[in-house]
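J.: missing the sequence, but the structure's below:
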Ligand SMILES: NC(=O)C1=CN([C@@H]2O[C@H](COP(=O)(O)OP(=O)(O)OC[C@H]3O[C@@H](n4cnc5c(N)ncnc54)[C@H](O)[C@@H]3O)[C@@H](O)[C@H]2O)[C@@H](O)CC1
Ligand SMILES: Nc1ncnc2c1ncn2[C@@H]1O[C@H](COP(=O)(O)OP(=O)(O)O)[C@@H](O)[C@H]1O
């Protein structure tokens, strides 16, 4: 199929090529015909490739779902083009290694940053444990927990302490009816914060220091849409939400979208990560990165990449639990250090 096609195949072309596409493996050159190259959307009939070979740089359709899913494996071939900044980017391992905070030789726990978690409820005490597990992967200097699961949290994570000063908050995982209060209390401190899960429904005005971390169902509820509408155009809706709420919006999914000053997409990860509590771990991890002083945009995109890489490492091709993902985070950072940091 040729250059310059618009999204959606005509009925006659679709009738001729889709049966072939369904019968034999397909390699696409640049993009499978019919996809929305600059939107990542699939608005009409299109081909699905097993492998897409593209040149110079990734286009939006290679990164943003649902188009990216129709590209199959994407192989980028550098042909030496001089390219302008891309509107959507995906962090690579080297970018993340550069951004991940590391302790200075003269560090003490408070200079590394303290992250506070206000999560869990009588219905979901486990979400508090999982958010704390993500926050307690060792990237910040200390983790505080405030909420109804304090005894359980301290039993499982003896390092974690109670209320006090923090450089960032995580609110919402498993918060249930307590989430509105958790959000209001966290906002009193005027520090950056991650707003996840049950706290998202209480966000109304602009929150310039926040990272919102909805899945498609939660973002749909925030925007008054159906979940399927968000899933059909994640890039568009994450960007609209970032503008509306005046902050970074991380829309979780197969390829997570981080909309902020610019847009990043996370391609690290595995479908085994679609497991209960994985999002709770992510919110804690991003909170710990915020506490170290990373900007909300970098904390969200680095956290999402580390989370995906931890899932891939823990999985090794097999099933994982959210607890296993949290446990693998330090090893991912260690691998970055070994491969990319000068001692
Ligand atoms: N171990 C834990 O304590 C966990 C707590 N979690 C917390 O649980 C709360 C709710 O999170 P959700 O993402 O589930 O919230 P959502 O409100 O997005 O999802 C609930 C929706 O899923 C539907 N649903 C329930 N069971 C279903 C099934 N078997 N098949 C199809 N649809 C089904 C419900 O009807 C409802 O519409 C959050 O506070 C979250 O943080 C989750 O993160 C999972 C782990
Ligand atoms: N098909 C998939 N492939 C890769 N990652 C996925 C896929 N589906 C979900 N994820 C990731 O799994 C996590 C699920 O989080 P979430 O939906 O909040 O679950 P929970 O509320 O149970 O914690 C997110 O980080 C999301 O990006």
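T.: Everything's here; your move. Just so you know, these numbers come straight off a predicted model, no measurement behind them. Ligands and ions are numbered 1, 2, ... in the order given.
J.: CA only for contacts and neighbour counts going forward, please
T.: OK.
J.: pLDDT averaged over stretch 330-343 - what is it?
T.: Confidence over stretch 330-343 (mean pLDDT, whole number) is 94.
J.: buried residues in that stretch, which are they?
T.: 330, 332-333, 336-337 (16 or more other CA atoms under 10 Å).
J.: quick check: which of those are also close to ligand 1?
T.: Residues of the buried residues of stretch 330-343 in contact with ligand 1 (CA under 6 Å from any ligand atom): none.
J.: for these, give me JSON lines that also has distance to ligand 2 and secondary structure.
T.: Output for the buried residues of stretch 330-343, formatted as JSON lines (distance: CA to the nearest ligand atom, whole Å; DSSP: H, G, I helix; E, B strand; the rest coil):
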{"residue": "330", "distance to ligand 2": "17", "secondary structure": "helix"}
{"residue": "332", "distance to ligand 2": "16", "secondary structure": "helix"}
{"residue": "333", "distance to ligand 2": "18", "secondary structure": "helix"}
{"residue": "336", "distance to ligand 2": "20", "secondary structure": "helix"}
{"residue": "337", "distance to ligand 2": "23", "secondary structure": "helix"}
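J.: dump those to a markdown table, plus distance to residue 99.
T.: Formatted as a markdown table, those follow (distance: CA to CA, whole Å):
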| residue | distance to residue 99 |
| --- | --- |
| 330 | 15 |
| 332 | 14 |
| 333 | 11 |
| 336 | 11 |
| 337 | 11 |
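J.: from those, which is closest to ligand 1?
T.: Of all the buried residues of stretch 330-343, residue 330 has the smallest distance to ligand 1: 21.6 Å, by CA to the nearest ligand atom.
J.: skipping adjacent residues, who's closest to that closest one in space?
T.: Among residues not flanking residue 330 along the chain, residue 137 sits closest, at 6.0 Å (CA to CA, 6 or more residues apart in numbering).
J.: residue contacts, the one you found?
T.: Applying CA atoms under 8 Å, 6 or more residues apart in numbering, we find residue 137 in contact with 285, 326-327, 329-330.
J.: TSV please, covering the residues you listed and showing secondary structure.
T.: Conversion of the contacts of residue 137 to TSV gives the following (DSSP: H, G, I helix; E, B strand; the rest coil):
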residue	secondary structure
285	helix
326	helix
327	helix
329	helix
330	helix
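J.: highest neighbour count among those?
T.: residue 285 (35 neighbours; other CA atoms under 10 Å).
J.: separation between that one and residue 24?
T.: 42 Å (CA to CA, to the nearest Å).
J.: count of residues packed around the residue of the chain found nearest ligand 1?
T.: Going by CA to the nearest ligand atom, ligand 1 is nearest to residue 174 of the chain, at 3.0 Å. Close neighbours of residue 174, defined as other CA under 10 Å, add up to 28.
J.: what do you get for residue 140?
T.: 27.
J.: please apply the same query to the one 10 residues further on.
T.: Around residue 150 there are 20 other residues, counting by other CA under 10 Å.
J.: dihedrals phi and psi, the nearest residue to it once chain neighbours are set aside?
T.: Nearest residue to residue 150, sequence neighbours excluded (CA to CA, 6+ apart): residue 162, at 7.9 Å. Per-residue torsions, residue 162: phi -90, psi -160 (degrees, to the nearest 10).
J.: now the one 3 residues further on
T.: In this entry, residue 165 is assigned phi and psi values of phi -70, psi 140 (degrees, to the nearest 10).
J.: quick one: pLDDT of it?
T.: Residue 165 is given a pLDDT of 98.
J.: which residues does it contact?
T.: With CA under 8 Å, 6+ apart, residue 165 has these contacts: residue 114.
J.: which helix or which strand is home to the most centrally placed residue in the chain?
T.: Centroid check for the chain by CA atoms, centre = their mean gives residue 304 as the closest residue, at 3.9 Å. Using DSSP states H and E, residue 304 sits in helix 296-315.
J.: at the contact with ligand 2, which residues of the protein appear?
T.: Residues of the chain lying close to ligand 2 (CA under 6 Å from any ligand atom) are 215, 252-254, 256, 269-271, 273-280.
J.: what are the ranges of the helices in the stretch 101-250 of the chain?
T.: Secondary structure of the stretch 101-250 of the chain (DSSP state H, counting those that start in this stretch): helices at 109-112, 125-135, 150-156, 179-188, 216-223, 227-232, 234-245.
J.: got the contact list for stretch 167-176?
T.: Residues from elsewhere that reach stretch 167-176 (CA under 8 Å, 6+ apart): 113-121, 123-128, 131, 179, 182-183, 186, 191-200, 280, 283-284, 287-288, 290-292.
J.: where does pLDDT dip in the stretch 1-150 of the chain?
T.: Applying pLDDT under 70 to the stretch 1-150 of the chain flags residues 1-5.
J.: and for the residue of the stretch 1-150 of the chain found nearest ligand 2, the neighbour number?
T.: At 7.8 Å from ligand 2, residue 127 is the closest residue in the stretch 1-150 of the chain, using CA to the nearest ligand atom. Number of residues near residue 127 (other CA under 10 Å) recorded here: 25.
J.: residue contacts, it?
T.: 119-120, 173-174, 277, 280 are the contacts of residue 127 under CA under 8 Å, 6+ apart.
J.: can you check residue 99 too?
T.: 298, 302.
J.: and stretch 100-112, how far apart are its ends?
T.: Where stretch 100-112 begins and where it ends lie 12 Å apart, using CA to CA.
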